[in-house]
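sequence first, then the predicted structure, then my questions.
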Amino acid sequence: MSTDMGSNGPDSLLARPLNWLETQSEEVYAYVLLMPAFALLAVVAFYPLIETFRFSLLADAVASADPFGEFTGIDNYLNLLSGDTTFTQQFISITTADSFPFVEFGAPFLQQAIFVTLAFAILSVFFETIIGFGQALVLDQDFYGRRWVRVAIIIPWAIPIVIQGMIFFLIFNPTIGFGSEFMQWLGVFGSNPLSSSSDSFLIVLVADIWKTTAFMALLILAGLQSIDRGLYDVAKVSGASPWQRFKYITLPLVAPALIVAMLFRTMDAMRIYGLIDATAGCETVPSLTCLVIIALQESRRWATASAVAFLTAVVISGFVVVYLLALRNNDGGVT
Amino acid sequence: MDFVTTAVMVDLDSGSDGGRVGVSRRRFVQAAGATGASVSLAGCGGGGGGGSSGPIQITMDAEWEGISDSVTQSLYDAGLDESIEIEILPGDFESGARRSEFTSALDAGRASPDIFMMDSGWTIPFIARGQLVNLSTELSSETIDYVQSSYLSSAVNTASDPESGDLFGLPLFPDYPVIHYRRDLVEEAGYDPDAENWATEPLSWQEFAEIAADVWEQNGGPDGDQIDYGFTTQADNYVGLACCTFNETMTSFGGAYFGDHENLFGPIGDRPITVTEEPVLDTIRMMRSFMQGPDAEYAHPDFPQISTTDLLSFTEEPAREPFTSGNAIFHRNWPYAIPLNLDSDAFDAEDYDVMPLPYGVESGAGEYEGTGGPAAALGGWHLTINPNTQQLSEAVQVLEAFANQEVMINNFSEGGYLPPDPSVTESVNPDEVGPLGEFLETLAVSGQNTVPRPVTVAWPDQSSQVSSEVSAAYQAEKSPEQAMSDLESSLNSIESDLAE
């Protein structure tokens, strides 16, 4: 096996590093083997992020062939954070005021992308978790027809986003939809829900909950089914009430799966775009991703679009860090 | 710990009992490295094709692709060298999506397609960025003279550099809206469109609204369930509101975005902003009355209700559908809707007609040059040449061939595309040009009263400001005064931001 060692040709070039490798510990060897993967990750994950950041420090050049102008530092970020962009929809636009509540909105609340996105992410993940947990608890029981209930729960998840968007668009379409009249009768919606930011926000929220609750239910169900049934038998013998069984057995044991599911859903919700585009449109419900598209495609302001994209990544990673901190103290195996 | 596990798994394959035997690390790294290198080299093998001599590619849309044989043949008949092959590619039907597609093609310096079909509403920003071939230096002087003297001048303006006046796009077809209406319902209600010359003499908005309200009333009105709308138009918060429906109505009342129409294409930052004036506010108030009646908040007391707030979510197609299905009496739309309406199942072709858009104040009564009188927003498309093309002279020859009356007539009869030279529209034999042939007189009147949108490099930003402020005022979220004053300040800030 080792007779060709030290021979002429390309092998001699490699001899020194290979000999060095032969003397290293298992751990160093493992890192060396992983280096190509890290290099690939750097190219596909970090290079675009760094380029986006670099673009975001340049000026917009709407009147020249090159879409980027001179270096302007953090001007684009300042414009975005002070609500001073040329778009109708702002990233954030708050000014301080002298009287209660001491802040004023420069643009309406639901025309500010950060609030639309945060409100959407928090509300949708909250309701999806609660409803999904309920569905998972039902599915975890043995009962006749359980298979059919599973299918029924998963159907919304199987529908493509744009088709689902069209369903909700048509429900609230003024000429053929039935939804607007019903909601007006309830006194919830105004005369034209798809043109009103608050009504459309609710529509998008409900559409998302309808669709993705199934996703939460399935992940939580997987967590539930990995719980040792014997624990419940012991608890029953010890006289624990159903609530106590839930609180002391189900919840702690399902928590890692639950938090991972919520992490996925939160990241997904913060990136919401397709559903909005197919129902109310980005002008009416501007999410962060919407703002990137508006800046890029309508205004051809590439630098501003890059800045919004980078800020979006920052906001999402902020949320991810919170989840990772929550997961650090249990054996979920994510961190 | 994980790393150790991995190493153990490798060892298992060699059947060891814990010691490391078999492949040495150096062997493994060498083999893996060689495999990786050859895989990545293989990945570079493809691509790179494409030479300088292929067909001339024109990105148009699926409709044009459908008639490409006939279009190509008419170009050869017009004298184009038959050795030049033409390929019409279907671009996205939606204008905004096509703009994005072309923006990326030009920003990336791609050589294909050779010719773009660009919306007259967004050609000028490409010209201002220097991303198109200057046709004034490429086309023959006869063609340039023909285009500049005989083509619809408002269309030529949207294809030229506002500063130098050089031509960068060859207008392919203009587009201007008309009012589509149900002749049978109008006549049953006691009106006589023929005697009153509706086809060629525009009504005022006042007369139009009163007629529409009356005919609607006789067919159930707002509270009945026979016909849903007296009138449908586009009032959604979208690009068409700023460029077209609001622009034309405001212009017909004597209002303007930037004062005199000579300011439409600039200079940015050095032109008045006139959106807070009374004609502009009246336009909003009239639309409020149309949707919610004269007693509604911020409505104009002189105009009746002829529609509903559904208008607020209508773009072209949602506004057309109720009309084509027999649920509206009057409808504002582009000529593309004519063949569709003639084919309606809800009414016969003879029960359908068109007329020019109404006017707010008499021609010349507007305060600004170009305003007042009937006004129809100018849509339409131009052909422009990609500066990165490797077949410039062939592309230029194709454009030369398009500037031909026979080609225009062919496009008109095959696809319903209006000739960019109005004299062709007037002289054409109505029987030869398909469904639009019956309505040539009306189309000619609309063509004489077109108003282009104010396209500059600032317009993409300004357009969304206009549509969202106007939409907010239409929904009575803001008073017309407040919305237009907000619009004035945002237009101002964009103008000063981009001042030339």
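Alright, I've got the coordinates. Quantities reported herein were computed from a predicted structural model and do not represent experimental measurements.

which parts of chain A are strands?
Assigned by DSSP state E, the strands in chain A fall at A:58-60, A:68-71, A:94-96, A:103-105.

my read is that A:Thr129 contacts A:Met262, right?
Yes - contact criterion CB atoms under 8 Å: A:Thr129 and A:Met262 qualify, at 5.9 Å. For every residue, glycine as well, the C-beta is placed using N, CA and C.

which other residues reach stretch A:173-182?
Here stretch A:173-182 makes contact (CB atoms under 8 Å, 6 or more residues apart in numbering or on different chains) with A:168, A:170-172, A:189, A:191-194, B:228, B:308-310, B:313, B:318, B:321-322, B:327.

out of the residues you listed, which end up buried?
With burial judged by 16 or more other CB atoms under 10 Å in any protein chain shown, the buried subset of those is A:168, A:171-172, A:189, A:191-194, B:228, B:308-310, B:313, B:318, B:321-322.

would TSV of the strands of chain A with distance to B:Arg453 be doable?
As requested, these are arranged in TSV below (distance: least, CB to CB, whole Å):
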stretch	distance to B:Arg453
strand A:58-60	22
strand A:68-71	26
strand A:94-96	33
strand A:103-105	31
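
assumed B:Ile144 was part of a helix.
Yes - assessed by DSSP: H, G, I helix; E, B strand; the rest coil, B:Ile144 belongs to a helix.

which residues are in contact with B:Ile409?
Counting by CB under 8 Å, 6+ apart, B:Ile409 makes contact with B:Pro419, B:Val424, B:Val428, B:Glu432, B:Val433.

name the SS class of it, please.
helix.

likewise for B:Leu383?
With three-state DSSP as the criterion, B:Leu383 reads strand.

count of neighbours near B:Ser489?
Residues lying near B:Ser489 (other CB atoms under 10 Å in any protein chain shown) number 12.

which segments of chain B make up each domain?
Split into domains by automatic domain parsing, chain B comes to B:56-175+B:378-451, B:178-376+B:454-497.

ok now the longest one, how far from the chain's centre?
By that I understand domain B:178-376+B:454-497. The gap between where domain B:178-376+B:454-497 is centred and where its chain is centred comes out at 17 Å by CA atoms, centre = their mean, to the nearest Å.

could you do the first one as well?
Relative to the chain's own centre, domain B:56-175+B:378-451 is displaced by 14 Å; criterion: CA atoms, centre = their mean.

before we move on, the earlier item: of the contacts of B:Ile409, which belong to strands?
With strands defined by DSSP E, no entry of these lies inside them.

just those residues that are near chain A?
When contact is defined as CB under 8 Å from any CB of the partner chain, those do not meet chain A at all.

adding pLDDT and neighbour count, write those out as TSV.
Converted to TSV, these look like this (pLDDT from 0 to 100; neighbours: other CB atoms under 10 Å in any protein chain shown):
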residue	pLDDT	neighbour count
B:Pro419	92	26
B:Val424	90	19
B:Val428	87	19
B:Glu432	82	11
B:Val433	83	21
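
give me the residue from the stretch 201-335 of chain A nearest chain B.
A:Gln297 (4.6 Å; CB to the nearest CB).

and the pLDDT for that residue?
With respect to pLDDT, A:Gln297 has a value of 84.

what's the answer for the one 4 residues further on, then?
A:Arg301 is assigned a predicted lDDT (pLDDT) of 90.

enumerate the residues of the stretch 201-335 of chain A near chain B.
A:Gly281, A:Glu283, A:Thr284, A:Ile294, A:Leu296, A:Gln297, A:Glu298, A:Ser299, A:Arg300.

count the neighbours of the first one for me.
With neighbours defined by other CB under 10 Å, the count for A:Gly281 comes to 19.

list the residues that contact it.
Going by CB under 8 Å, 6+ apart, A:Gly281 touches A:Leu194, B:Asn237, B:Tyr238.

if we can go back for a sec, any idea which of the buried ones among the contacts of stretch A:173-182 is least confident?
A:Ser191 (78).

next, give phi and psi for the closest residue to that residue other than its chain neighbours.
Closest residue in space to A:Ser191, ignoring its immediate chain neighbours: B:Thr309 at 4.5 Å, by CB to CB, 6 or more residues apart in numbering or on different chains. Note on B:Thr309: its backbone torsions stand at phi -70, psi 0 [degrees, to the nearest 10].

B:Met291 touches B:Ala473, doesn't it?
No - in this structure, B:Met291 is not within contact of B:Ala473 by CB under 8 Å, at 11.6 Å.

settle it for me: which of these two has more neighbours?
Between B:Met291 and B:Ala473, counted using other CB under 10 Å, B:Ala473 has the larger neighbour count: 27 against 24.

what's the pLDDT at that one?
95.

and the helix or strand containing it, what other elements does it pack with?
Per DSSP states H and E: B:Ala473 is located in helix B:459-474. On a contact count with 3 or more CB pairs under 8 Å, 6 or more residues apart in numbering or on different chains; DSSP states H and E, helix B:459-474 meets helix B:123-128, helix B:239-240, helix B:246-252, helix B:278-292, helix B:480-497.

re earlier: what is the nearest of the contacts of A:Gly281 to B:Asp497?
Using CB to CB, B:Asn237 is the member of the contacts of A:Gly281 that lies nearest B:Asp497, at 22.5 Å.

no more questions from me, cheers.
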